[in-house]
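K.L.:
Whatever this is, show me its structure:
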Amino acid sequence: MQIAIGVTDRCNAKCLMCNCWQEKNDYLTSADILRTLTELKEWLGSSFFFQIAGGEPLIFDGIYDIFRFCAKNDIVCKISTNGLNLNSEAVCKKIIDSGLRFLSVSIDSHKPEVHDEYRGIKGTFEKGMKGLAYLRKHSSMVLGISSIIMKPNAPHLKEFAEFLLSLDVDRFLFQPIRDYYENPTDVSKWKDYKYWPTDLDNLSRGIDYLIERKQAGEARLLNSVSDFELMRSYFTDPTCIINTRSCYLGYDTISVKPNGDVFLCDAYSPIGNIKHGSIQTFWSNAQATSLMEEMVGCDPPFNSKRTYSAPIGSKAAGTSFKDMWTWDDINEAYLDKMVDLFPALVHFIQSIGTLHSKAMMAYITYMTQRIIEMHRILKDTGSFYLHCDPTASHYLKLMLDEIFGKNNFRNEIVWCYRKWTNITSGFQKNHDVILYYVKSELHTFNNQPDPNAIKKHYEKGYHTNTIKTGESQLIVYDKAKAKEQINSKKYDKIIYREAKTNVNMPDWWGISILNSQSKERTGYPTQKPLALLHRIIKASSKPGDVVFDPFCGCATTCVAAQQLGRKWIGIDIEKQASKILVERLSDDAGLFKDFVHRTDIPQRTDLVIEPPSQSIKEKLFIAQRNCCNACGVEFEIRNLEIDHIIPKAKGGGDYFENYQLLCGSCNRIKGDRPMEYLRIKIRTRETLLKEKLTFGK
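P.N.:
Model (predicted):
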């Protein structure tokens, strides 16, 4: 849990966008804060992160007592400062001696005059940088820089970011300017705000640079890729963010203001004041519970209603599938299945939103839903291959270990290819990853001889080595070619391997990508070479077996399967894919002249249409043992209502398998939404109250 306490509103800077430097009253005392920290320690142990906010915290009377208390009680404590007080070595030494572990300085431009003008006091930039240098030299403290993106620095955001990342600092956090603290839902205030960025072209260029550095592995950037993308959208049209009334950019903490008011989110009313009670008491009061329920509706887990571009690890990268990665495209009816079958996997996927980005979390969720079903329909003799790039492979492998079982993992195949770029910040990125799993020990595997191994060992006829005991060995592959060596009597041991001429392929494959002149090329952005699919299909199937590719794109898998005498099924979300498949089958050396292309959608014949009726209600009442299928409370039959599990508005039909009984309360909450919406509401409320965990991270 993250606890942010504003120790003071006062400040020794005169920043142009705020009035914190003006005198105010009714502040918390250091005794109030130490008492609150003691209560939090008793309630949560050391499992919370304490952020000291301001104003300027370093001018708060008793701040060093707070630092020492946190160090003594093993509480992770972080402070954000404008850096003015860091000009004094005495202050820096006092901070170091107090045991503070995290310190962040606000820097808003690499140009001292721009930073100083915005902060209202000349020399602010120099003093902050001097303090950072001293603390870096004389302590092991984790140092950070926080920066506000606004009109003065937007024109040179890229250059500013380059400057920051050149510094010997551990963490960087960018935040967008906002002018609606007093009224977060005011959607018009920003329009006339004088510090609102107007140079959106250069701002976007800077955001592109930050995204590029984040994707290249710059771990010091605390923002995720989706944070930066959301900032771009926010500066273009902030109403799309303000109107959500959810925690800004997904940051979610318990916040305590300098007057003691406790907030779950700045967009809502306080739930109490620490001068009159404890945070633990406020956390479980009726007002907090009501707000938690309302906030779930803003941005519930697995249903953020935000749009993400496909991450690099997806097959959709660089294509017209951009709209795929929204939570609306996550099949909510199957989320419940994920929660029931793989609860640990669900927790892991939720953590990806913090570890990487919400975009990656959406992608892994999307893939997990489909892979669960692929595993279900795969025969015991079947194999599963998943192609991805290194950006997503480690997340996907953990997911596959859970679904297939870690013992059914066979290989991480590295597909190597030549592709030169102008990258100068690291090594050339010239490989993708193919994760290979099997359904069971009954899986089909046909050895694929390594032509390079055959050439190396068998053309010469022998090779030699020395084992650990010091004995020399002669390994013979062809007696005729090795006759002289056999007769030389120089070797302690001779091993004959004439019959063993099929050394299997290694798990790295050197197969060229398709160049612009290749005859195979269709223009499809993610097209794979036939040679790659031939190798996979030959290894894990026999003639007549079925090959299934649920993301078939330009149908290379389908064409390869047809060429090798396998049956095949291809699925793709892009309508153009079917047209490309027909063209490729028609043009492929006349092999497939006789095929039928149908455009109608297959209809299910295994379900009986039954409009809701009293007899169906009675059957469901018995099947559900008199209980609501959501909250589990027992009711009389007259208090239960027939509901569609998958709403008709979402494609659900009038058949018994899609009916359930809900109590009136649950049915009203669910409305025409999928069942998972209701389950999330119930599950999240229970988790928040019982486990005292925050949500939506």
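K.L.:
Around Thr354, count how many other residues there are.
P.N.:
12 (other C-beta atoms under 10 Å). Placement of C-beta: from N, CA and C, glycine included.
K.L.:
in the longest helix that the chain contains, what's buried?
P.N.:
Ordering each helix of the chain by length in residues (DSSP state H) puts helix 358-377 first. For helix 358-377, burial by neighbour count (16 or more other C-beta atoms under 10 Å) applies to 358-369, 371-372, 374-375.
K.L.:
Next: stretch 26-46.
P.N.:
So for stretch 26-46, counting by 16+ other C-beta under 10 Å, buried means Tyr27, Leu28, Ser30, Asp32, Ile33, Thr36, Leu37, Glu39, Leu40, Lys41, Trp43.
K.L.:
which other residues reach that stretch?
P.N.:
1, 3, 5, 7-10, 48, 50, 60-63, 65-66, 69-70, 73-76, 256, 258-260, 274-275, 278-280, 692 (C-beta atoms under 8 Å, 6 or more residues apart in numbering).
K.L.:
how much space between the closest residue to Val559 other than its chain neighbours and Ala133?
P.N.:
Excluding its sequence neighbours, the residue lying closest to Val559 (C-beta to C-beta, 6 or more residues apart in numbering) is Arg584, at 5.4 Å. With distances taken as C-beta to C-beta, to the nearest Å, Arg584 is found 62 Å from Ala133.
K.L.:
ok, those two, which is more surrounded?
P.N.:
Neighbour totals were compared for Arg584 and Ala133, and Arg584 leads with 18 against 15 (other C-beta under 10 Å).
K.L.:
need the helices for the stretch 151-300 of the chain, in chain order.
P.N.:
For the stretch 151-300 of the chain, helices defined by DSSP state H, counting those that start in this stretch occupy the ranges 157-165, 200-215, 225-236, 239-242, 279-283, 286-298.
K.L.:
secondary structure element for Arg535?
P.N.:
Assigned by DSSP states H and E, Arg535 belongs to helix 530-540.
K.L.:
buried sites along that helix?
P.N.:
In helix 530-540, counting by 16+ other C-beta under 10 Å, buried: Leu530, Leu532, Leu533, His534, Arg535, Ile536, Ile537, Ala539, Ser540.
K.L.:
for the longest helix of the chain, packing partners?
P.N.:
Here helix 358-377 touches helix 225-236, helix 332-341, helix 343-355, strand 383-388, helix 390-404, going by 3 or more C-beta pairs under 8 Å, 6 or more residues apart in numbering; DSSP states H and E.
K.L.:
pLDDT of it, averaged?
P.N.:
Throughout helix 358-377, pLDDT has a mean value of 84.
K.L.:
That helix versus helix 343-355: what angle between them?
P.N.:
Taking axes from the mean of the first three to the mean of the last three C-alpha atoms, to 10 degrees, one finds helix 358-377 and helix 343-355 inclined to each other by 160 degrees.
K.L.:
Just the angle for helix 358-377 relative to helix 225-236, thanks.
P.N.:
For helix 358-377 against helix 225-236, the angle by the same axes, to 10 degrees is 130 degrees.
K.L.:
mind checking how far helix 358-377 is from the chain centre?
P.N.:
Computed by C-alpha atoms, centre = their mean, to the nearest Å, the chain-centroid distance of helix 358-377 equals 13 Å.
K.L.:
Also stretch 197-209?
P.N.:
Going by C-alpha atoms, centre = their mean, where stretch 197-209 is centred and where its chain is centred differ by 24 Å.
K.L.:
State the pLDDT value of the residue lying closest to Glu657 once chain neighbours are set aside.
P.N.:
Of all residues beyond its chain neighbours, the one nearest Glu657 is Leu607 (6.8 Å), with distances taken as C-beta to C-beta, 6+ apart. What the model reports as pLDDT for Leu607 is 74.
K.L.:
ok, back up a step: can you put the helices of the stretch 151-300 of the chain in a markdown table and add distance to Asn639?
P.N.:
Formatted as a markdown table, the helices of the stretch 151-300 of the chain follow (distance: least, C-beta to C-beta, whole Å):
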| stretch | distance to Asn639 |
| --- | --- |
| helix 157-165 | 59 |
| helix 200-215 | 53 |
| helix 225-236 | 44 |
| helix 239-242 | 41 |
| helix 279-283 | 33 |
| helix 286-298 | 23 |
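K.L.:
Nearest to Ser393, out of the ones you listed?
P.N.:
helix 200-215 (14.4 Å; C-beta to C-beta).
K.L.:
quick one: the closest one to helix 390-404, angle?
P.N.:
Going by the same axes, to 10 degrees, helix 200-215 makes 50 degrees with helix 390-404.
K.L.:
on contacts alone, who are the packing partners of helix 200-215?
P.N.:
Counting by 3+ C-beta pairs under 8 Å, 6+ apart, helix 200-215 packs on helix 157-165, helix 225-236.
K.L.:
isn't the residue nearest to Glu657 right up against Gly653?
P.N.:
Yes - here Leu607 reaches Gly653: they are 6.8 Å apart, a contact under C-beta atoms under 8 Å.
K.L.:
how much space between Lys72 and Lys41?
P.N.:
Taking C-beta to C-beta, one finds Lys72 at 11 Å from Lys41.
K.L.:
try Leu533
P.N.:
For Leu533, the distance to Lys41 - C-beta to C-beta - is 59 Å.
K.L.:
what's the answer for Gln350, then?
P.N.:
From Gln350 to Lys41 the distance is 27 Å (C-beta to C-beta).
K.L.:
and what of Lys468?
P.N.:
57 Å.
K.L.:
where in the stretch 1-150 of the chain is pLDDT low?
P.N.:
1, 16-25, 45-48 (pLDDT under 70).
K.L.:
In it, mark out all the strands, start to finish.
P.N.:
2-6, 49-53, 76-81, 102-106, 142-149 (DSSP state E, counting those that start in this stretch).
K.L.:
These: which one's closest to Asp672?
P.N.:
strand 2-6 (35.8 Å).
K.L.:
Show me the strands paired with the closest one, marking each as parallel or antiparallel.
P.N.:
Using DSSP bridges, the strands paired with strand 2-6 are strand 49-53 (parallel), strand 254-256 (parallel).
K.L.:
Identify the residues contacting that strand?
P.N.:
Under C-beta under 8 Å, 6+ apart, the answer for strand 2-6 is 28, 33, 36, 40, 48-55, 252-258, 279, 694.
K.L.:
what's the angle between that strand and strand 76-81?
P.N.:
Per the same axes, to 10 degrees, the angle that strand 2-6 makes with strand 76-81 is 40 degrees.
K.L.:
Begin at 863, not 1, for the rest of this chat.
P.N.:
Understood, numbering begins at 863; the last thing we discussed is strand 864-868.
K.L.:
Can I get strand 864-868 as CSV, trimmed to CA atoms?
P.N.:
Taking C-alpha atoms only, strand 864-868 is exported to CSV below (Å, rounded to 0.1, in the frame of the first residue of the first chain):
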residue,chain,number,x,y,z
GLN,A,864,1.2,3.5,-0.7
ILE,A,865,0.6,6.3,1.8
ALA,A,866,1.3,9.9,0.8
ILE,A,867,1.2,12.5,3.6
GLY,A,868,1.5,16.2,2.8
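K.L.:
quick one: furthest residue from the center of the chain?
P.N.:
Relative to the mean C-alpha coordinate of the chain, counting by C-alpha atoms, centre = their mean, the farthest residue is Asn1349 (63.7 Å).
K.L.:
Quick check: phi and psi on that one?
P.N.:
In terms of degrees, to the nearest 10, the main-chain angles of Asn1349 are phi -80, psi -10.
K.L.:
What distance do you get for it to Gln1231?
P.N.:
Taking C-beta to C-beta, one finds Asn1349 at 66 Å from Gln1231.
K.L.:
Same question for Asp1434.
P.N.:
Following C-beta to C-beta, the distance that separates Asp1434 from Gln1231 is 17 Å.
K.L.:
got the contact list for the residue lying closest to Lys989 once chain neighbours are set aside?
P.N.:
For Lys989, ignoring the flanking residues on the chain, the nearest one in space by C-beta to C-beta, 6+ apart is Asn949 at 3.8 Å. Applying C-beta under 8 Å, 6+ apart to Asn949 gives the contacts Gly985, Glu988, Lys989, Lys992, Gly993.
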